Structures are given as structure tokens and as C-alpha cells.
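[1] task: produce atomic coordinates for the following.
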Amino acid sequence: MIANSEQNSSKRHNKCMMSRRDFLLYSGAATAVSMVPLTLFAGTDSETQVEGRVVGYPRKKIAQLSQLSNHTPVHFQYPDGGKNSIAMLVKSDIECGGGIGLQRDIVAYSMTCTHQGGPLTGAYKATGEHRIVGQCPFHLSTFDLRRHGIMVSGQAFESLPQVLLELEGDDIYAVGVMGLIFGRMENLIDVEVV
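    All right, here's what the predicted structure looks like:
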């Protein structure tokens, strides 16, 4: 009698159980179905038109090529005169990512650390073939200017924002920023819609 009840118990127990294979199959199918968006097809009730906007950076003259000396930074404010807008232009005497000029050695970067907003003014260094900005006085972050301002040491987790430059004759213009300036939701405080 006892053996018979144990057999019935195990049969009932197995009815409620799901094999690992079945579990993976059913959970995978449920996940796939739940990830299909409801607005997959145009013409549904939730379809909405969203108007795009194009934001234009100001074109600002910041220096003259003939006035630049190797390894002598020129400080300016860009894209505006607001918080954390201090930037540095430098002729590094060696090719840098995003550089302009005959040697592609003229670059500009934000001088606010991307980690916690530490001031980097006066932190440019040229040693051998290395061109760096740092160390940040807050947490010792250092950035490589030859490789688009990538962080090479310290606590920062984003590259230093690079100011995009144009050369027109002898005049150097700032025309945009690649990367988000620390402490801002948008690089442009007074957004100009074009």
C-alpha cells in the first residue's frame, strides 16, 4: 500500500514539473513575443509624426594661423560664454586626430574634465611624441590629444570634447563640438534652430 501511494505521488509530481528544455523553449518564445513593438506597422493608432530639428553651432573666429606657436595654448570660450565653455587651441607640432593645417597638428578641446568638471587650463603637456592634457586636479584624469582626446588614465570615462575647426586662409574658426561638455544637457545653451 505504501509503495503504491509513493508511485501515485511521484506521477502527480511529474505532471506539475516542466523539463529544462520546455522551460527554455517557452520562456524564449515569451520573451521574443513581448519584445515585438505594438507599432511595428505604420497606420496604427499609436503612430505619431515627430518633427526633427537641426541645431547649428555658431561659427566663431578664434585665432590666426600665422600667430600660433608650437605648444603655446590659446584659450577661448566656445560654443558660448556660458558655464564650462572654456576651450584650448594648440599647435602640437605632430599630427593629431581631427587636426587642421598642413601637418594636421592644430586641435582644440574643452578644458573641463569630463569626470567631475575639474579645470584643465594650464594642463597641456608635450613630451616626445605624446600630447596630453592632464592631470585633472580632482581625480588625476589625463587625455590624449593625438587620439581625439581619449582618456588614458584617471577616473574619467568619456573623451575630452573636441572643438571642430575650419581653416579659411589664415583664420581659424570653431564650428562645432564633438562630445558633450561637462555639466550640460546640450552643448548649446541658447539653441539656434536652422
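
[2] so where do the helices sit in this structure?
    With helices called from DSSP state H, the chain shows them at 2-16, 20-35.

[3] quickly, which of the ones you listed bottoms out on average pLDDT?
    Out of the helices of the chain, helix 2-16 stands lowest, with a mean of 59 (criterion: mean pLDDT).

[4] tell me the spacing between the spatially closest residue to residue 143 that is not a sequence neighbour and residue 68.
    The shortest distance from residue 143 to any non-neighbouring residue, by CB to CB, 6 or more residues apart in numbering, is to residue 160 (4.3 Å). Every residue, glycine included, has its C-beta placed from N, CA and C. Here the criterion is CB to CB, to the nearest Å. By it, residue 160 lies 20 Å from residue 68.

[5] for the chain, what helix or strand is lowest in average pLDDT?
    Each helix and strand of the chain was given a mean pLDDT (mean pLDDT, DSSP states H and E); the minimum falls on helix 2-16 at a mean of 59.

[6] and residue 45, what pLDDT?
    Note on residue 45: pLDDT of 62.

[7] so, low pLDDT: which residues of this structure?
    Scanning the chain for pLDDT under 70 picks out 1-16, 35-50, 52-55, 190-194.

[8] what domains does the record give for it?
    Residue ranges for the domains of the chain, per automatic domain parsing: 2-35, 60-178.

[9] okay, those, which one's buried deepest?
    Ranked by mean neighbour count, the domains of the chain are led by domain 60-178 with a mean of 18 (mean count of other CB atoms under 10 Å).

[10] now that one, how far from the centre of its chain.
    16 Å (CA atoms, centre = their mean, to the nearest Å).
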